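S.K.: this is the structure alone, sequence omitted:
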Ligand code: KMH
Ligand code: ZN
């Protein structure tokens, strides 16, 4: 079985210090959280950035500063900026971090009610536009799917030339508005992607660990972090993203799955070469 790639989604756009005081806003806090995840075994940082007051932004310069600082503190780590940003941002606003030519970036594959009364909008034309941008810049998309229909969308847009193979999916499961987080839901998504595709699973809230275990057993990959879940156990806030990563590493050890280094993750995901 391939080694396990662990992604740490350290920040997100919605979670706040009110939910967990360790949620990072400043550059220094982002570096601290990325470093804790890297030291624990993460090879990818899924990155949103904030201004110092916690306001989410897709500002290219803010991304540049945070990405440079994380790269310095975590040698070799793969940094995967979000192009989802926060609900309500325009397409071009969201695409700004792609101008920094990261190795990877997220590509959200459909529209959904998001966490209650908000709509996270990704029309077919938006997905085409983002997919085309990533092809032009040699950026590997992590295809974020919040429901089965979004896999259909990604496969359709692959046929039309907007998404290249081998495809890499992120099953984001348990969002209010998306697919649930049961094992049945996981098996449904997992069985719906091409055989040459890779996937990672991001279980939201209480689904984080059970779905991580499912992916470890199945040969998939795992995302954890404050974007998806701020608790280490029921009602107990995690002290850092690293603590959440360390738990996955322990589970993988028990289940006989080795952890991928950033270099090994690059090979498994067929990331484009960068100098
Ligand atoms: N913040 C959500 C609205 C992504 O990073 O690509 C979207 C999101 C997805 O987090
Ligand atoms: Zn995200």
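M.R.: That came through fine. Values in this document were obtained by computation on a predicted structure and should not be read as measured data. Numbering: from 1, shown residues only. Ligands and ions are numbered 1, 2, ... in the order given.
S.K.: close enough to count as contact, residue 220 and residue 193?
M.R.: No: the criterion here is C-beta atoms under 8 Å, and residue 220 misses it with residue 193 at 9.9 Å. C-beta: built from backbone N, CA, C; applies to glycine.
S.K.: give me the common contacts of the two.
M.R.: Both residue 220 and residue 193 are contacted by residue 199, under the criterion C-beta atoms under 8 Å, 6 or more residues apart in numbering.
S.K.: what is the burial count for the closest residue to residue 272 other than its chain neighbours?
M.R.: Closest residue to residue 272 apart from its sequence neighbours, by C-beta to C-beta, 6 or more residues apart in numbering: residue 138 at 4.3 Å. Neighbour count for residue 138, taken as other C-beta atoms under 10 Å: 12.
S.K.: hmm, residue 138 is touching residue 270, no?
M.R.: No: in this structure residue 138 lies outside contact range of residue 270 using C-beta under 8 Å: 11.6 Å.
S.K.: which of residue 220 and residue 193 has more neighbours?
M.R.: Taking other C-beta under 10 Å, residue 220 and residue 193 do not tie; residue 220 has more neighbours (23 against 20).
S.K.: for residue 37, see how far away the residue of the stretch 51-200 of the chain found nearest ligand 1 is.
M.R.: Closest to ligand 1 within the stretch 51-200 of the chain is residue 84: 2.5 Å, counting by C-beta to the nearest ligand atom. According to C-beta to C-beta, to the nearest Å, residue 84 and residue 37 sit 19 Å apart.
S.K.: which one's more surrounded, the two?
M.R.: Remark: of residue 84 and residue 37, residue 37 carries more neighbours, 31 against 23, as counted by other C-beta under 10 Å.
S.K.: what kind of secondary structure is that one in?
M.R.: Here residue 37 is helix, with the state taken from DSSP: H, G, I helix; E, B strand; the rest coil.
S.K.: what helix or strand is the nearest residue to it once chain neighbours are set aside on?
M.R.: Distance criterion C-beta to C-beta, 6+ apart; nearest residue to residue 37, sequence neighbours excluded, is residue 8 at 3.4 Å. Using DSSP states H and E, residue 8 sits in strand 6-9.
S.K.: ok, the residue of the stretch 51-200 of the chain closest to ligand 1 touching residue 94?
M.R.: Yes: if you go by C-beta under 8 Å, residue 84 and residue 94 touch, sitting 6.7 Å apart.
S.K.: so what's the residue count around residue 93?
M.R.: With other C-beta under 10 Å as criterion, residue 93 counts 15.
S.K.: likewise for residue 25?
M.R.: As a burial measure, residue 25 scores 18 neighbours (other C-beta under 10 Å).
S.K.: report pLDDT for it.
M.R.: Here, the pLDDT recorded for residue 25 equals 98.
S.K.: and it, what does it touch?
M.R.: Residue 25 makes contact with 11, 17, 50, 51, 52, 53, 54, according to C-beta under 8 Å, 6+ apart.
S.K.: do you know how far residue 162 is from residue 5?
M.R.: Remark: distance between residue 162 and residue 5 (C-beta to C-beta) = 24 Å.
S.K.: more neighbours: these two, which one.
M.R.: residue 5 (27 against 21).
S.K.: picking up where we left off before, now that we have the contacts of residue 25, which one has the most neighbours?
M.R.: Most crowded among these, counting by other C-beta under 10 Å, is residue 11 at 28 neighbours.
S.K.: next, that one: phi, psi?
M.R.: Main-chain torsions, residue 11, degrees, to the nearest 10: phi -140, psi -50.
S.K.: test my guess that it contacts residue 23.
M.R.: Yes: in this structure residue 11 lies within contact range of residue 23 using C-beta under 8 Å: 6.7 Å.
S.K.: if I look at those two, which residues touch both of them?
M.R.: Residues touching both residue 11 and residue 23 by C-beta under 8 Å, 6+ apart: residue 226.
S.K.: so in that sheet, which strands flank the helix or strand hosting residue 45, and in what orientation?
M.R.: Here residue 45 sits within strand 44-47, counting by DSSP H and E. Here strand 44-47 has these sheet partners by DSSP bridges: strand 6-9 (parallel), strand 78-81 (parallel).
S.K.: and the ones you listed, which is most packed in?
M.R.: Most buried of the strands paired with strand 44-47, by mean neighbour count (mean count of other C-beta atoms under 10 Å): strand 6-9, with a mean of 29.
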